[in-house]
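Colleague: here you go, sequence then predicted model.
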Amino acid sequence: MPLYSYKGYDAATGSSRKGKIDAESERAARQMIKQREKVIVAEIKEESAGAVVASKSSSSPLFARKVSLGELSIMVRQFATLQGAHVPLDESLKALVSQIDNDTLRRTLSAVKDSVSEGKSLADASAQYPQVFNKLYVNMVRAGESSGTLSTILDRLSDFMEYQLNIRSKIVQAMVYPSIMIVASLGIVAFLLIFIVPKLAKVFTNMKVEIPWYTQALMDFSSFMQNYYYMFPVLGLGLFIGFRTWIGSEKGRAQWDQIFIKLPLIGTVALMIAVSRFTKTLSTMLSSGVPIINALDITKNVVNNSVLSKVIDEAKVEVQEGNSLASCINRSGVFPGLVSHMIATGEKTGELEQMLSHVSKAYDTEVEGKIAKMISFIEPIMMLFLLVIAVVVIGAMVLPMMDVMKQVR
């Protein structure tokens, strides 16, 4: 079915309106816009040809526009609202297609709508597009369809996506300030070594001042930076590629994740965030009716840490064999004791979802405090670092200058 984009004016208020709509023909599109959208059409054009070109382009990862978590979250929230208002599924999907700006998501939803119209379930239709709809989305939608609570499940899914965005925002906020301070520090050091030290070195050379070993070392390093400055970005790029290659391998990733969660302060925060993701995801899926085996299989990919993923994978096998989830989590020694204790309590009382939700909220609160504490530590540490650099550079250059002053006298 062709897709038409239109511009016009609201029949009631006279304000400008624009959007997109599926229709059999331009005439049908005009009628639908007038009757359903209450818009007086000023301009309308078919986008089917452009969509085909875009579809071909998007088949290549180089040209495809990715669907962000934020865009998907908004779509799911709108979807939940439409389903909560008892709008038929195909009409809900049609309404979503007309409101979405992201070309990839709009085309994907349009294809899902066509599959649903042909008789497929929403979950099966969505599963055909894993680059947009992950296993978490598909399994929760399937649970919602089978239980007749799709609007409730979509609401929970949107809440979970917003939670993920919130966690991501906290991580970015925690990294921005240290990154700026590190770049500023390196910039100041580079400025001193490239522009200030060479000028003072010329003075010492011309006046034939006896230079201490530490001043000579500083001058040699400054000379090296001037002559071989291009080596630093090359070396940095080489280290970055080497690091990415190392953590790209299964063994390297496991080693890095093991090291990372043991780092002071930052490792603790990373572990808390991973635990919070685990408990929140598992709680959301279980409360939505997803079987625990499927939920654990999906959750292991959400924690973003291979060490924890391995433990969750082992726990899935044990649960399949009839063992307790809490016992495997506790035996691993990776998860904090509170997690295994709350899971054990939930398994005994039959309130596992609620216990997991409580753990997630507790760790979210603690993560906020840890991040604030980490940021408060970073500022004095970076200031101390700058002070040490300044003292070393200035001291190494001032002492010979004092000898020059004595010679002048």
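Modeller: Arrived safely. What you see is a predicted model; the values in this text were computed from it and never measured.
Colleague: hang on, residue 79 in a helix?
Modeller: Yes - counting by DSSP: H, G, I helix; E, B strand; the rest coil, residue 79 is located in a helix.
Colleague: roughly how far apart are it and residue 72?
Modeller: Distance of residue 79 to residue 72, computed by Cβ to Cβ, to the nearest Å: 10 Å. All C-beta atoms are positioned from the backbone trio N, CA, C, and that covers glycine.
Colleague: when these two are compared, which one has more neighbours?
Modeller: residue 79 (25 against 19; other Cβ atoms under 10 Å).
Colleague: how much space between that one and residue 120?
Modeller: To residue 120, residue 79 is 17 Å away according to Cβ to Cβ.
Colleague: next: residue 313.
Modeller: In terms of Cβ to Cβ, residue 313 sits 31 Å off from residue 120.
Colleague: cool, and residue 333?
Modeller: Distance from residue 333 to residue 120, by Cβ to Cβ: 45 Å.
Colleague: more neighbours, those two?
Modeller: Between residue 333 and residue 120, residue 120 has the larger neighbour count (other Cβ under 10 Å), namely 15 against 9.
Colleague: which helix of this protein spans the most residues?
Modeller: Taking DSSP state H as the criterion, the chain has its longest helix at helix 352-408.
Colleague: tell me which other helices or strands that helix touches.
Modeller: On a contact count with 3 or more Cβ pairs under 8 Å, 6 or more residues apart in numbering; DSSP states H and E, helix 352-408 meets helix 150-191, helix 197-207, helix 213-227, helix 266-287, helix 337-349.
Colleague: mind doing that once more with 10 Å?
Modeller: On a contact count with 3 or more Cβ pairs under 10 Å, 6 or more residues apart in numbering; DSSP states H and E, helix 352-408 meets helix 150-191, helix 197-207, helix 213-227, helix 266-287, helix 325-332, helix 337-349.
Colleague: mean neighbour count, those helices: which tops it?
Modeller: Most buried of the helices and strands packed on helix 352-408, by mean neighbour count (mean count of other Cβ atoms under 10 Å): helix 266-287, with a mean of 22.
Colleague: so who does the closest residue to residue 389 other than its chain neighbours touch?
Modeller: Of all residues not flanking residue 389 in the chain, residue 189 sits nearest, at 5.6 Å (Cβ to Cβ, 6 or more residues apart in numbering). By Cβ atoms under 10 Å, 6 or more residues apart in numbering, the contact list for residue 189 reads 225, 385-386, 389-390, 392-393.
Colleague: and the strand or helix carrying residue 30, how far from the chain's centre?
Modeller: Taking DSSP states H and E as the definition, one finds residue 30 inside helix 26-36. From the chain centre to the centre of helix 26-36 is a distance of 40 Å (Cα atoms, centre = their mean, to the nearest Å).
Colleague: for the stretch 1-150 of the chain, which segments count as helices?
Modeller: Applying DSSP state H, counting those that start in this stretch to the stretch 1-150 of the chain gives helices spanning 26-36, 48-58, 69-84, 89-99, 103-117, 122-127, 135-147, 150-191.
Colleague: where does the protein have low pLDDT?
Modeller: Along the chain, the parts satisfying pLDDT under 70 run over 1-2, 14, 47-65, 209, 403-404, 406-409.
Colleague: domain ranges for it, per the record?
Modeller: Following automatic domain parsing, the chain resolves into domains at 3-46, 69-160, 173-409.
Colleague: let's have those domains in TSV, adding distance to residue 167.
Modeller: Below are the domains of the chain laid out as TSV (distance: least, Cβ to Cβ, whole Å):
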stretch	distance to residue 167
domain 3-46	33
domain 69-160	11
domain 173-409	6
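Colleague: winner for burial among these?
Modeller: Sort the domains of the chain by mean neighbour count, taking mean count of other Cβ under 10 Å, and domain 69-160 sits at the top with a mean of 18.
Colleague: just to revisit the earlier point, out of the helices of the stretch 1-150 of the chain, flag the one nearest residue 230.
Modeller: For residue 230, the closest of the helices of the stretch 1-150 of the chain is helix 150-191, at 13.4 Å, according to Cβ to Cβ.
Colleague: now that closest one against helix 69-84, angle please.
Modeller: 170 degrees (axes from the mean of the first three to the mean of the last three Cα atoms, to 10 degrees).
Colleague: one step back: need the helices and strands packed on helix 352-408 in JSON lines (columns: distance to residue 25).
Modeller: Output for the helices and strands packed on helix 352-408, formatted as JSON lines (distance: least, Cβ to Cβ, whole Å):
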{"stretch": "helix 150-191", "distance to residue 25": "32"}
{"stretch": "helix 197-207", "distance to residue 25": "75"}
{"stretch": "helix 213-227", "distance to residue 25": "69"}
{"stretch": "helix 266-287", "distance to residue 25": "43"}
{"stretch": "helix 325-332", "distance to residue 25": "57"}
{"stretch": "helix 337-349", "distance to residue 25": "57"}
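Colleague: any idea which of the ones you listed gets closest to residue 242?
Modeller: Of all those, it is helix 150-191 that lies closest to residue 242, at 19.9 Å by Cβ to Cβ.
Colleague: distance between the closest one and the chain's centre?
Modeller: That offset, for helix 150-191, works out to 7 Å (Cα atoms, centre = their mean).
Colleague: please apply the same query to stretch 145-164.
Modeller: Stretch 145-164 sits 20 Å away from the centroid of its parent chain (Cα atoms, centre = their mean).
Colleague: which ones are touching the residue lying closest to residue 263 once chain neighbours are set aside?
Modeller: Leaving aside its sequence neighbours, residue 263 sits nearest to residue 270 (Cβ to Cβ, 6+ apart; 7.8 Å). By Cβ under 10 Å, 6+ apart, the residues touching residue 270 are 171, 257, 260-263, 304-305, 367.
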